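Asker: sequence and predicted structure, then a few things I'm wondering about:
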Amino acid sequence: MELVDHLRDERNKAQFDVEAMKVVWAGSPQELQLCDRMANLVANHPAFEKLKRPMLVRKELFKNSLRKAAYARKLVIDLGLSEEEAKWLRFYIDEPTYPDLHWGMFIPAIEGQGSEEQKEKWLPLSRNMQIIGCYAQTEMGHGSNVQGLETTATFDAQQDHFIIHSPTLTSTKWWPGGLGKVSTHAVVYARLIVNGEFHGVHGWYNYYSFSFFLYLEDHSPLPGITVGDVGLKFGNGAYNTMDNGLLRFHHVRIPRNQMLMRVSQVSREGKYMQCDDVPRQLIYGTMVSVRQTIVAMVSRTLSRAVCIATRYSALRRQHSSSSLVVPCFLMIDYQSQQSRLFPLLASAYAFKFVGEWLKWLYTDVKQRLEANDFSTLPEAHASTAGLKSLTTSATVDGIEECMKLCGGDGYLVSSGLPELFAVSVPACTYEGDNTVLMLQVARFVVKTVSEVGYKEPLGTSSYIRRLNTLLHNNCLVQTGEDWVKGDRIVEAFEARAARMAVTCTQHLAKFQDPEQGFSELSADLVEVAVAHCQLIVVSKFVEKLAQDIPGKGVKEALEVLCYVYALFLVHKHQGDFLVTGYLTPKQASLANRQLRILYSRLRPNAIALVDAFNHTDHYLSSVVGRYDGNVYPNLYQAAFNDPFNDSHVPDGYHQYIHPILNQTLAKL
Ligand SMILES: CCCCCCCC/C=C\CCCCCCCCCC(=O)SCCNC(=O)CCNC(=O)[C@H](O)C(C)(C)COP(=O)(O)OP(=O)(O)OC[C@H]1O[C@@H](n2cnc3c(N)ncnc32)[C@H](O)[C@@H]1OP(=O)(O)O
Ligand SMILES: Cc1cc2nc3c(=O)[nH]c(=O)nc-3n(C[C@H](O)[C@H](O)[C@H](O)COP(=O)(O)OP(=O)(O)OC[C@H]3O[C@@H](n4cnc5c(N)ncnc54)[C@H](O)[C@@H]3O)c2cc1C
């Protein structure tokens, strides 16, 4: 039977080569081929069916996710998949489970913080999954405040042991993924006590946290260990496939050599030594690595929501204002729909490109760290923290907007959007609360501004070198067309970021106690950080356009997306641009007018731009976002696939409805 493509007319409107755009989106022909292969492997394997997931209760859901993880492991072994292939396999299975933490944090923590000997011992076991590990840092009372961790690791020189202990209720390890039910091992962060003294006192810290490699359980917890799950989380399905756990220690003894010893060591005699050439911040290294991965992945999450909302918007018709009877307008042709949807489409592409750049930066930093060059660590920390925060917040807001863009049907679980929202929301909190991370960026920016004159700003902050020009030269835009020039756009974002940073730095200087100033101005500082991070995203998009991009019309389509992203931000934050005096109201309104023109240029390409994400229907798991656009019969069928429709008479009908109908409530 020939399949009808309900979106064919839309696809025919495309003004660019979709196959070439797929390569740009994927990053390279090899990446496209790899993702395509893994996505289809998952889509065609019955073990990875996921439509019934939201109907399962927690215990069934969890068992189901264990089953999928086991099948995934079997595929990795049977097909001899590489670590990279296995990563994409897990990604397309689309279900948070313990291997994310095992591969994403436990192994990187050992790689980054273990000594050579420790790595040799534990990494092969971990990579073969003979042990399963998690990353136990957060405690009930201390998440953002890593310095405040209370779990103690006291050295017992007599027995050459550390004694791990949870001295208070608030020191209970709380939230680590994979901890609650599955992990056999954990990297645990704790305060080190040797000879009755807290060690590692430093200018920045009152005390440090240290990481220990701990054996947790086989089938039941080891003596002295209490372990469990933190309980049901937001959303049906969603993050409930993960056993986020709690963990308490009652004077648990571990051998001395289970302290991860790359950054610092405790000798047999109880001597604490910090490696001179390794900065303390390396114990935060795993977080930098995961923040980078989140940015690399987040564009796919947003692209998924945008793909669903764009396809449905290009199918569903509503009434024109002149005729309330004849449905004629496609939703996507409403200007108001475009002004909500197209910036999100542009954001997905913008986040993809900044993610590629961040991956490059991180790879470079990693190589430098291996050679004990720590010079670019502050830049890597600020960029990973800031971009993790900016992109996850925008993505989660974007998914919610896509849900609304689909009207009532977006709210149905069968649209795929509610579960996507629920599974994504915690990304704004885990791996660093987004506000707390933005405050780290603000510290970096303010420090860079304060050091102008005696320290050269580098990398993403190099615009601060031109502070004088950026503070005094105002925008030169005279026409709408002036706004679609890469250097002009970047300069506008640089001027806004620089002016906001300087104003805040000046306000901070008025406080005698800098920390009090930082606290009182924290809301303004977050805005400074947002401006800095938006500049990075815009400038990386503009840099991408300067590259050679093959394929008919591909570069032109990307240019439109780039300016939509940038001008949407100019419009949204026009208060910043006006208050800093960089723009006049006329220039701001020219930007907005140009944005509307760009929406009309984007419109014919909309469906092709979401097709270029190359998402399978399995990955989208959305009735309204299906590739063939055959929405209505499938929406109708999906209603009857709900087990609630198995019977016309629900449980409780006879018991609670009949007494009302029969006027026999008195017998209840
Ligand atoms: C939208 C959906 C998208 C989803 C896509 C996801 C797909 C991902 C796929 C796979 C990934 C793997 C699976 C991951 C699942 C998620 C699991 C989540 C796990 C966790 O949550 S683990 C716990 C994370 N916890 C945190 O992040 C805590 C946050 N807090 C901190 O990081 C720090 O405490 C702090 C930085 C906020 C403050 O620390 P503090 O000690 O007070 O330090 P300061 O005094 O402020 O700074 C001191 C000095 O150090 C520098 N610095 C701080 N941090 C770092 C760092 N990480 N690296 C380098 N340097 C650092 C700081 O700049 C200061 O420097 P200075 O003195 O100014 O020069
Ligand atoms: C799904 C999920 C998975 C997780 N997985 C893991 C894991 O595998 N391992 C692990 O160790 N942890 C994990 N966590 C814990 C996570 O890292 C923490 O929740 C996170 O770091 C935030 O800490 P918190 O919950 O204590 O929030 P808090 O730090 O208490 O923050 C609460 C509020 O206070 C504000 N705030 C806090 N500090 C400041 C400040 N200095 N200035 C201004 N505002 C501030 C925040 O912005 C926020 O609005 C996970 C969490 C979730 C939700």
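Answerer: Looks like it came in fine. Ligands and ions are numbered 1, 2, ... in the order given.
Asker: quick check, central residue of the protein?
Answerer: I294 (4.0 Å; Cα atoms, centre = their mean).
Asker: quick one, grab the pLDDT at that one.
Answerer: On pLDDT, I294 comes in at 98.
Asker: surely it meets S393?
Answerer: No: the criterion here is Cβ atoms under 8 Å, and I294 misses it with S393 at 11.8 Å. The way it works is simple: take the backbone N, C-alpha and C, and place the C-beta from them, glycine included.
Asker: let me know the helix or strand that the residue nearest to the centre of the chain is in.
Answerer: Per DSSP states H and E: I294 is located in helix 285-313.
Asker: tell me if that helix is near ligand 2.
Answerer: No: using Cβ under 6 Å from any ligand atom, helix 285-313 stays clear of ligand 2, coming no nearer than 8.7 Å.
Asker: can you get me a residue count around the residue of the stretch 101-250 of the chain at minimum distance from ligand 2?
Answerer: Of all residues in the stretch 101-250 of the chain, the one sitting closest to ligand 2 is G143 (1.9 Å; Cβ to the nearest ligand atom). G143 has 18 neighbours, counted by other Cβ atoms under 10 Å.
Asker: who's in contact with it?
Answerer: Neighbour list for G143: W175, T429, D433 [criterion: Cβ atoms under 8 Å, 6 or more residues apart in numbering].
Asker: and if you look at M140?
Answerer: M140 neighbours (Cβ under 8 Å, 6+ apart): L169, T170, S171, T172, W174, L246.
Asker: of these, which is the most crowded?
Answerer: Counting neighbours by other Cβ under 10 Å, S171 leads the contacts of M140 with 22 neighbours.
Asker: please look at it and I164 and confirm they touch.
Answerer: No: using Cβ under 8 Å as the test, S171 is too far from I164 to be in contact (10.6 Å).
Asker: now do the shared contacts for those two.
Answerer: T151.
Asker: residue of this protein closest to ligand 1, please.
Answerer: For the chain, Cβ to the nearest ligand atom, closest residue to ligand 1: G104, 2.7 Å.
Asker: give me the nearest residue to that residue, chain neighbours excluded.
Answerer: Of all residues not flanking G104 in the chain, V290 sits nearest, at 5.9 Å (Cβ to Cβ, 6 or more residues apart in numbering).
Asker: still on that earlier bit, confirm the residue of the chain closest to ligand 1 sits in a strand?
Answerer: No: counting by DSSP: H, G, I helix; E, B strand; the rest coil, G104 falls outside a strand, being helix.
Asker: can you list the residues of the stretch 251-400 of the chain near ligand 1?
Answerer: Near ligand 1, when you scan the stretch 251-400 of the chain using Cβ under 6 Å from any ligand atom, you find 281, 284, 287-288, 290, 293-294, 297-298, 301, 377-378, 381, 392, 395-396.
Asker: check the stretch 1-150 of the chain too.
Answerer: The stretch 1-150 of the chain comes close to ligand 1 at residues D100, G104, Y135, Q137, T138, S144, V146, Q147, as judged by Cβ under 6 Å from any ligand atom.
Asker: what about the nearest residue to the fourth one once chain neighbours are set aside, neighbour count?
Answerer: Looking back up the chat, that one is Q137. Closest residue to Q137 apart from its sequence neighbours, by Cβ to Cβ, 6+ apart: Y189 at 4.4 Å. For Y189, the neighbour count with other Cβ under 10 Å is 24.
Asker: so Y189 sits against Q147, correct?
Answerer: No: the criterion here is Cβ under 8 Å, and Y189 misses it with Q147 at 10.8 Å.
Asker: how about the residues of the chain near ligand 2?
Answerer: Contacts of the chain with ligand 2, taken as Cβ under 6 Å from any ligand atom, map to 101, 135-138, 143-144, 175-177, 239, 244, 426, 429-430, 432-433, 435-436, 439, 522.
Asker: the residue of the stretch 451-600 of the chain found nearest ligand 2 and F511, how far apart?
Answerer: With Cβ to the nearest ligand atom as the measure, S522 is the residue of the stretch 451-600 of the chain nearest to ligand 2, at 5.6 Å. For S522, the distance to F511 equals 12 Å [Cβ to Cβ, to the nearest Å].
Asker: ok, now K555?
Answerer: K555 is 49 Å from F511, by Cβ to Cβ.
Asker: looking at these two, which has the bigger crowd around it?
Answerer: More neighbours surround K555 than the other of K555 and F511, with 17 against 14 (other Cβ under 10 Å).
Asker: can I assume that one is in contact with Q547?
Answerer: No: using Cβ under 8 Å, K555 is not in contact with Q547; the gap is 9.0 Å.
Asker: confidence score at the closest residue to Q292 other than its chain neighbours?
Answerer: Nearest residue to Q292, sequence neighbours excluded (Cβ to Cβ, 6+ apart): Y362, at 4.3 Å. With respect to pLDDT, Y362 scores 94.
Asker: please name the residues that touch Y362.
Answerer: Each residue near Y362 by Cβ under 8 Å, 6+ apart is listed here: V288, S289, Q292, A380, T384.
Asker: got it, and M129?
Answerer: Contacts for M129 (Cβ under 8 Å, 6+ apart) come out as R73, H102.
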